[in-house]
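Q: requesting a structural model of the entry that follows:
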Amino acid sequence: MTATERITELLYRNLQEVFGEGDATRRRAAIEDFYTDDCVVYSPDGTYVGHDAVDKFAGDLRATHPHFVYTHSGEPQVLQNAGILAWGSGPRGEEPEYTGLDVLLVRDGKIVALYVFLNPKLS
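A: Below you'll find the model as predicted:
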């Protein structure tokens, strides 16, 4: 697998298997597979360092809307060791209640940093 293919895979799988996963055991296994030990996730809600912090953040977020699904919009873009993916989240089959953009940096085939941007809600 090329670096570009791995980054693309991480973009899609992180969205579904970490942030979209309701099962704590499967989510934790994905975090350990996808993220470096010294990973950092930056979000509007805070900064999360390491597997335990990312796991708690993703689990707490999932608990606030367990019936929501994540869907990507458009195609991912990869440049060198970074990738971006736009996404939306909401009840299955409905318009997303919120949207955002994931920007990740990869080192040795794993996510070392994830920046989560949320788009303002349109009224």
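
Q: helix or strand right after the longest strand seen in the chain?
A: Longest strand in the chain, counting residues (DSSP state E): strand 68-79. Note on strand 68-79: by DSSP states H and E, the next helix or strand toward the C-terminus is strand 82-91.

Q: which of the residues in that next one are buried?
A: For strand 82-91, the buried set under the neighbour-count rule, 16 or more other Cβ atoms under 10 Å, comprises 83-90. Heads up, the C-betas are built off the backbone N, CA and C, glycines and all.

Q: what's near enough to touch D55?
A: 24, 27-28, 31 (Cβ atoms under 8 Å, 6 or more residues apart in numbering).

Q: oh, I was asking about R28
A: 51, 55.

Q: which SSE is it in?
A: Residue-wise, R28 maps onto helix 24-34 under DSSP H and E.

Q: could I get the CA-only coordinates of that helix as CSV?
A: Provided in CSV are the C-alpha atoms of helix 24-34 (Å, rounded to 0.1, in the frame of the first residue of the first chain):
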residue,chain,number,x,y,z
ALA,A,24,-16.0,0.6,23.1
THR,A,25,-13.9,-2.5,22.5
ARG,A,26,-13.9,-2.1,18.7
ARG,A,27,-13.3,1.7,19.0
ARG,A,28,-10.3,1.1,21.2
ALA,A,29,-8.8,-1.5,18.9
ALA,A,30,-9.2,0.9,16.0
ILE,A,31,-7.5,3.7,17.9
GLU,A,32,-4.5,1.5,18.7
ASP,A,33,-4.3,0.4,15.1
PHE,A,34,-4.7,3.9,13.5
